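Trainee: below are the sequence and a predicted model for it; my questions follow.
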Amino acid sequence: MSNLLEPKAQTVKRINAYLADAQNVFIDSRSSVLDAQTNPMVFGSMPNDGGNLIIEENEYASFLQQEPEAERYIRPFLGAEEFINSKKRYCLWLLNAEPQHLKKCPLIIARIQKVREHCEGSSREATRKLAQTPSLFGEIRQPESGHYLLVPRVSSERRRYIPIGFLDTSVIASDSTLIVPNATLYEFGVLTSQMHMVWMRTVCWRLKSDYRYSAQIVYNNFPWPDASEAQKAAIIQKAQAVLDARAQFPDSSLADLYDPNTMPPVLTKAHAALDSAVDKLYRKTAFPDDATRVAFLFELYGKRRRGCLRGSGNGGRGRSV
């Protein structure tokens, strides 16, 4: 696979603010999705606990050995680093915990007290208020049931695709991730496609050279295709094929699977089939390259934004010139 950052000379008719040969549209922050039919994307949950509700992998066994009653309150806790690299981390998830039972868990009570002290000692008023509920994460956005789609907020620029995936709600997502509750295989298929990736690479923020995915910039402004139920069914089939290809390598992390040098051919093939199917949702003729995809998406975004503004009378802050 060629280096995605390898410079290539192009003769273009115009250059917009994103250094693309495309309509001169500015992508501003949106608080809601451009496509009202799409599930919203939100941050994962933020502890703001001074680290006292977190149980690292190397202390997990010892903690349970000392306090076996705590097992019901311990959940897997994944940030972008843990999700991509198959690392283990845990947290105390005490939402709706029975007070009488908590009193039988002195290690948990001690940690709750430390959270209270952490919050009370903060210079921020909002954090000091959290001392009133020291057993809880500072910001809770975890879905209560079902599953969700997890998107790492930061991912290496070496990867052709940001590794994203489904998780059960028993796994707590941290605020170093973004989540789409109740997402379907169709949404997974479009989001993990090359069409969405070129949009992300063009408009996203950067942390050094790595991609920094933003719900407000990347996801909420993404122009989704108009797809029939039959077309969605085809995407779902190919999206499942990507997940099935990953599952053939249970000992490999997503970092391993999406490293350009070690990506399994079966996974590469599954993504290529999905990319082709998603491309056809946008137009019948194939896109010859990513530059053409970007130009098409900017054009579509401009049309959708103008239609959105005409329909609402206010809406977001997207501008075109």
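Mentor: Perfect, thanks for sending it.

Trainee: what's the burial count for Leu130?
Mentor: Residues lying near Leu130 (other C-beta atoms under 10 Å) number 22. C-beta: built from backbone N, CA, C; applies to glycine.

Trainee: who touches it in this structure?
Mentor: 48, 119, 136, 138 (C-beta atoms under 8 Å, 6 or more residues apart in numbering).

Trainee: identify the residue spatially nearest to Arg116, adjacent ones excluded.
Mentor: Leaving aside its chain neighbours, Arg116 sits nearest to Pro134 (3.9 Å; criterion: C-beta to C-beta, 6 or more residues apart in numbering).

Trainee: and of the contacts of Leu130, the nearest to Leu300?
Mentor: Leu300 lies nearest to Gly138 out of these, by C-beta to C-beta, at 38.3 Å.

Trainee: can you show me the strands along the chain?
Mentor: Secondary structure of the chain by DSSP state E: the strands cover 25-26, 42-43, 54-56, 74-78, 89-92, 147-152, 154-155, 165-168, 172-173, 177-181, 205-207, 210-212, 319-320.

Trainee: what sits up against the longest one?
Mentor: When contacts are taken as C-beta under 8 Å, 6+ apart, the neighbours of strand 147-152 outside the stretch itself are 41, 44, 78, 80, 83-84, 162-169, 173, 176-183, 187-188, 191, 213, 219.

Trainee: can you give me how far it is from the chain middle?
Mentor: Offset of strand 147-152 from its chain centre (C-alpha atoms, centre = their mean, to the nearest Å): 5 Å.

Trainee: stretch 204-220 too?
Mentor: For stretch 204-220, the distance to the chain centre is 10 Å (C-alpha atoms, centre = their mean).

Trainee: just stretch 252-271 next, same as before
Mentor: Distance of stretch 252-271 from the chain centroid (C-alpha atoms, centre = their mean) equals 19 Å.

Trainee: stretch 87-107 now?
Mentor: Chain-centre distance of stretch 87-107: 27 Å, with C-alpha atoms, centre = their mean.

Trainee: so for it, mean pLDDT?
Mentor: For stretch 87-107, the mean pLDDT works out to 96.
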